[in-house]
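1. just a sequence and a predicted model for now, questions to come.
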Amino acid sequence: MKKEDFLQGQAELTCRFRTRFRIANAGFLCAMLIWILAVTYFPVSPFLKAKFAWPVVIALYVLVFVAWRTLRQMKRQFGLVCPSCQRPFSLKESAREKLLVSGTCGRCGGRVFDDVVSEVPQG
Ligand SMILES: [Zn+2]
């Protein structure tokens, strides 16, 4: 893998994931609003409220899981995985800089870039 490919892949991934995340977020907020309005304006017995609390919690877990899996899949799609251990790279700024400076995987220590890495590029 070349450093350039990594940077380009990461930029594309960030862009696409942000768009998807915004859509998902908007949908989730709408659903929450509808749920809150429904609970506020329609007389719901405490029994029903308790009955609806669990599906909401489960839905939240499912949402987080789907978002995590989507990001993982997208990382693979854009080639943002370690050539040695095949694990996707972290998107954290600190981890990214460490990878760019050292040129080695933060998890297995394997070499990531084919070209010699000596400085952190702009952007
Ligand atoms: Zn690795």
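-> Done, it's in.
2. so which strand or helix has the one residue sitting closest to the centre of the chain?
-> Residue closest to the average C-alpha location in the chain (Cα atoms, centre = their mean): L71, at 4.2 Å. Per DSSP states H and E, L71 falls inside helix 46-77.
3. buried sites along that helix?
-> L71, M74, K75 (16 or more other Cβ atoms under 10 Å). C-beta here means a position set from N, CA and C on the backbone, and glycine is covered the same way.
4. ditto for stretch 97-109
-> Buried, per 16+ other Cβ under 10 Å, within stretch 97-109: L99, L100, G103, T104, C105, G106.
5. residue contacts, T14?
-> For T14, the contacting residues are L91, by Cβ atoms under 8 Å, 6 or more residues apart in numbering.
6. on that earlier part again, redo the buried residues of helix 46-77 as JSON lines? Include distance to L13.
-> Shown next, in JSON lines, are the buried residues of helix 46-77 (distance: Cβ to Cβ, whole Å):
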{"residue": "L71", "distance to L13": "8"}
{"residue": "M74", "distance to L13": "5"}
{"residue": "K75", "distance to L13": "6"}
